[in-house]
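**Student:** Could you work out the structure for the sequence below:
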Amino acid sequence: DRLGLYCRRLLETNQVMNFTALTDPADVMTLHFLDSAALLPTRALRGRKPIHVGPGAGFPGLVLRILDPTIRLTLLDSLGKRVEWLTELCRELDLPDVVLLKGRAEELSRRKTHREQYDVAVSRALAAMPMLAELCLPYVKPGGLLRAMKSNKTDGEIAGAEKIIQALGGEKPFVMDYLVPGTEVYHRVVTVFKARPTPGSYPRKWTKIKETKV
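**Tutor:** You can find the predicted model right below:
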């Protein structure tokens, strides 16, 4: 029921906020909701405190929270209108424990209240892997994970991110490709284990992050 309501609200709002190119509810259920659920089978999120950086319409974070109520989810977005919509959506979906934050990822992670305070950082189609790592890993505790949902044609950017990932305290990325059930679409999850604290010099300012070469 919650996923059905989520789908209806998404398609209604999509007419003015352009969240997705999909207009068929069946496609939303498969290519957004079922795809988001690809992060659940490893149980890496069960009972954990993840932060979803750049959630847009809430994929995968809100879907994961609906499917597993033990997840203590925080959503972080820089756009006030999206945060307002997600706040109202969480109210309608009866998810009062979801925390919503408005701010720039590279700025908020410098605050003690958020830096290395989360078990996992998740993202989906947010940025190239070198930029994504710098935006997300500072939020993750040593011993935690970054789990990034990417296209399965991202070998180059993942290889190009290894140097910055190491500088941020992470280890070599682990890649898992999967077929979205009921489709012929292959996607991938990139998992980075954070072994060490992120140095204080990271994250850099956004202008420098954008200059990171893939």
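
**Student:** What's the first helix or strand after the helix or strand where E107 lies?
**Tutor:** Assessed by DSSP states H and E, E107 sits inside helix 105-108. Sequence-wise, the next helix or strand downstream of helix 105-108 (DSSP H and E) is strand 118-124.

**Student:** what comes up buried for the helix holding E107?
**Tutor:** Residues A105, E106, L108 are the ones in helix 105-108 that count as buried (16 or more other C-beta atoms under 10 Å). The way it works is simple: take the backbone N, C-alpha and C, and place the C-beta from them, glycine included.

**Student:** Tell me the helices and strands packed up against it.
**Tutor:** helix 129-136 (3 or more C-beta pairs under 8 Å, 6 or more residues apart in numbering; DSSP states H and E).

**Student:** Restricting the selection to alpha carbons, write the lengthiest helix in the chain to CSV.
**Tutor:** In the chain, taking DSSP state H as the definition, the longest helix is helix 2-17. C-alpha atoms of helix 2-17 as CSV (Å, rounded to 0.1, in the frame of the first residue of the first chain):
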residue,chain,number,x,y,z
ARG,A,2,2.8,2.4,0.9
LEU,A,3,4.6,1.8,-2.4
GLY,A,4,1.4,2.3,-4.3
LEU,A,5,0.8,5.6,-2.6
TYR,A,6,4.4,6.6,-3.2
CYS,A,7,4.0,5.8,-6.9
ARG,A,8,0.8,7.9,-7.2
ARG,A,9,2.3,10.9,-5.4
LEU,A,10,5.5,10.6,-7.5
LEU,A,11,3.6,10.6,-10.8
GLU,A,12,1.3,13.5,-9.7
THR,A,13,4.3,15.6,-8.6
ASN,A,14,6.3,14.6,-11.7
GLN,A,15,4.1,16.9,-13.8
VAL,A,16,5.6,19.9,-12.2
MET,A,17,8.9,18.8,-10.7
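
**Student:** Appreciated, that's everything.
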